[in-house]
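> return atomic coordinates for the entry below.
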Amino acid sequence: MQSEADPAKELLWARPGFLVRRLHQIHVAMFFEECKSPSITPVQYAILTVLSVLPGLDQTALGQEVGFDRTTTADVVRRLEERGLVERKDNPADRRMRHVHLTKEGQTVVASLRADMERAQERMLAPLRPAQRKVFMDLLSTLVEANNDYSRTVLRIM
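Model (predicted):
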C-alpha cells in the first residue's frame, strides 16, 4: 500500500529556512545530550569559545564575532559573569566600553566541554560522507557570507 502524500511536509521541506531552523533545533538537542551541562547553552559556549581565543574583546566586538546584537551580547555576558565564568573590565580610555575576559573557571568550562561539543558536531554531520560534509560546510559558509548583511546583527566575516 502506497503512503499518502503529506502536503504540509512537501511545502515545508521545500523551504530552506524551515530546514535550517529544524537542523538548528536538532543540533541544540545534540549539544545538550553530548555536553551534559544544562547550565551552558550553545549561545553561551559560543561566547566563551570566542573569549578563549580573543581575550579582552569589548562587548560590541564580541557580539560581532558571534552575530549577536549588543543587547543580547550584554545579557549573555552578564549571566556568564554572574556565574563567575567571565569578568568585565572598564576601559579607562572610554568608560562606555567594557572588555570581557574568561576567568579561570571559564577557561576550565571551555576546555571541559570542547570534546563534547565536537561530538555533537560530529553526530549532526554523521549521515554525510566526508566529501558531502565539505560541500555542505562550503555551501553553508557561502550562504551565511552572501546574506550576512540581511541579519539584524552583521557577523564579522573573516
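
> what distance separates the helix-or-strand element of the chain with minimal mean pLDDT from the middle of the whole chain?
Least confident helix or strand, the chain: strand 94-102 with a mean of 87, by mean pLDDT, DSSP states H and E. Relative to its chain's centre, strand 94-102 lies at 22 Å (Cα atoms, centre = their mean, to the nearest Å).

> put the alpha carbons of that strand into CSV.
What follows is strand 94-102, C-alpha atoms only, in CSV (Å, rounded to 0.1, in the frame of the first residue of the first chain):
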residue,chain,number,x,y,z
ASP,A,94,36.3,55.0,27.3
ARG,A,95,34.0,54.3,30.3
ARG,A,96,31.2,53.2,28.0
MET,A,97,33.3,50.3,26.7
ARG,A,98,33.8,47.1,28.8
HIS,A,99,36.3,44.4,27.9
VAL,A,100,35.4,40.8,28.6
HIS,A,101,37.8,38.1,29.8
LEU,A,102,37.4,34.5,30.8
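
> pairing partners for it, with directions?
Using DSSP bridges, the strands paired with strand 94-102 in its sheet are strand 57-58 (antiparallel), strand 86-91 (antiparallel).

> now do the helices in the chain.
Assigned by DSSP state H, the chain shows helices spanning 7-12, 16-35, 42-53, 59-66, 70-82, 104-125, 130-147.
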